[in-house]
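>>> When you get a sec, could you give me coordinates for this:
(chains A and B)
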Amino acid sequence: MKDREILEKIGQGDEKALDYLYKKYYRMMVKMVEDNSGTEEEAKDIYQEALLAFWQKAASRKLVLTSKISTYLYSICKNLWRKELDKKKRHSYEEVDGEEFQRHDQEERLKIVKESIGELGDVCKRILTYYYFDGLSMADISKKLKFANTDTTKTKKYKCKKKLDELIKKRYTTLDFFD
Amino acid sequence: MQANQQNQIESYLSGQMNTDQLAKFESELKVNPELQQELSFQSEVINGIGEYRKTELIARMDALKVPSAWWSVVQPPATIQYIGGIIITGLIGTGAWFAFQNDESSGSESISDTNELIIDAPKQEVIAWDLPQIEEDESTTVVAEEVTSAEHETPSEIKKVRETFNPKVAVPSAGDVESEKDFVPEQAGEPSSIAETKERTNPIGVEIIETKASKIKYRYYDGKLYLYGKFQQEPYEILEINSAAGRRIYLFHLHNFYQISSSDKPVELKAIANSKLIQELEILRKTK
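Residues are numbered from 1 along each chain as shown, chains lettered A, B, ... in the order given. You can find the predicted model right below:
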């Protein structure tokens, strides 16, 4: 598959293009990390993070490639791995108690949001994730989910988001959330 | 919240406002606490949707089979891969056929190859002499004598002895040791098998290393388990199964079971998907 075709498929939200890219360059990224004092497990994490960033940009059609996809992915992985190595040197696991508490609070809220998304129907989940994370256009979402037109998609997206907000608010108490 | 306000917040969060809209929105934000709260809420919701999708896509990638090291380095075209596959299959098939043939011939050779049997025989003898230290048994002694006498016999006789050699040794099992009140391990010289069981049942030490990462990892070596993740916030349980096959360690965390294997490097914890195993672990967890 050529780079142009891959980008086009990702633009339409075709996840098979993500599978293809993941398998195609997996060994290349593992080698880079392993050659720079990392393990395959660490390489996998880095590569997945890089691919997600690439997927997000390409799916929202915000990406203008001036190099091959492999070169682009390789440079993201290299930067991420460099950051990871710096973090390891700085012993970033040590944190102050205040930050720890705040982080715990944020994570609790995130858990509630994720659980509420899990309660939605499949169509709602897909519309919201395609729109808010992948950044797919209303036209691409309509095509992918086989909706009649973009107006139908917009209405569904609005209703799904409203339902999600309600579910989350129900789980948060006023005190919990607006403290 | 009105649809218009939600659209404004979404445009603000996604950076789609022009300079005028941005200035207007930010000035409104300064004086409107309700808008501030709603912005904070929407920001968390959108972030949560993103995290949900990330988890979904990562699970998708994790489920993919990745190429092994040697194959991807070569990266041959599809046709060559196909032809290569046929050749390799052919070679393996031919190799297997020859190996089978060799096995058959080597099997017949072993009948006449008596030297190997003579060398092997004393090894059996060592085992037979060691065992009475655990428990003196008539049958053990008889077997030992048989093997010793085999040294002076002809190769064909040795073969016969080896075929019938069937040591009947009463090795104490862990259950037997518990039930015998008079049994004092020190007096028995603590046979190695018991010492090994004792070492295996030592409780493992657990150390938690709090990390920001959403993925949970572990390291396990020298009987110490290091857990990387948010384990301080969420309770976890360690299940140890000690059996004759060895020690198996499982972790229960956030409704999932994970198997722990020896690793001196941090390894991501993968939830066990085998429903039968999960069921059994669940029973074990509840009854422990």
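>>> Show the low-confidence segments of the stretch 51-200 of chain B, by residue range.
For the stretch 51-200 of chain B, the stretches flagged by pLDDT under 70 are B:69-86, B:88, B:97-200.
>>> At the contact with chain A, which residues of it appear?
Applying CB under 8 Å from any CB of the partner chain, we find that the stretch 51-200 of chain B lies next to chain A at B:51-58, B:60-61, B:64-67, B:69, B:72-73. In this view, the C-beta of every residue, glycine as well, is placed from N, C-alpha and C.
>>> which parts of stretch A:72-91 are buried?
A:Tyr72, A:Leu73, A:Tyr74, A:Ile76, A:Cys77, A:Lys78, A:Leu80, A:Trp81, A:Glu84 (16 or more other CB atoms under 10 Å in any protein chain shown).
>>> does the third one really touch A:Val30, like I thought?
No - with contacts defined as CB atoms under 8 Å, A:Tyr74 does not count as touching A:Val30, sitting 11.9 Å away.
>>> which of the buried residues of stretch A:72-91 are close to chain B?
Of these, not one also sits near chain B (CB under 8 Å from any CB).
>>> can you list the residues you listed in a markdown table and add pLDDT and secondary structure?
Below are those laid out as a markdown table (pLDDT from 0 to 100; DSSP: H, G, I helix; E, B strand; the rest coil):
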| residue | pLDDT | secondary structure |
| --- | --- | --- |
| A:Tyr72 | 94 | helix |
| A:Leu73 | 95 | helix |
| A:Tyr74 | 95 | helix |
| A:Ile76 | 94 | helix |
| A:Cys77 | 96 | helix |
| A:Lys78 | 94 | helix |
| A:Leu80 | 95 | helix |
| A:Trp81 | 95 | helix |
| A:Glu84 | 91 | helix |
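>>> all helices for the chain, in order.
Answering for chain A, as no chain was given. Along chain A, the segments classed as helices by DSSP state H run A:3-11, A:15-35, A:40-59, A:69-89, A:97-119, A:122-129, A:138-144, A:150-171, A:174-177.
>>> ah, I was thinking of chain B
B:3-13, B:19-31, B:33-62, B:69-74, B:78-112, B:114-130, B:138-150, B:155-164, B:174-179, B:192-200, B:275-287.
>>> name the helices or strands packed onto the last one?
Of the remaining helices and strands, those touching helix B:275-287 by 3 or more CB pairs under 8 Å, 6 or more residues apart in numbering or on different chains; DSSP states H and E are strand B:236-243, strand B:246-253, strand B:256-260.
>>> same deal with the first one?
Contact analysis of helix B:3-13 by 3+ CB pairs under 8 Å, 6+ apart lists helix B:19-31, helix B:33-62 as its packing neighbours.
>>> To A:Thr150, which of those lies closest?
Among those, the nearest to A:Thr150 by CB to CB is helix B:33-62 (19.9 Å).
>>> Could you check how far A:Lys31 is from A:Met138?
Distance of A:Lys31 to A:Met138, computed by CB to CB, to the nearest Å: 41 Å.
>>> same check, this time on B:Ser14
Counting by CB to CB, the gap from B:Ser14 to A:Met138 is 14 Å.
>>> hmm, back to that, buried deepest among the helices of chain A, which one?
Comparing the helices of chain A by mean neighbour count (mean count of other CB atoms under 10 Å in any protein chain shown), helix A:40-59 comes out on top with a mean of 21.
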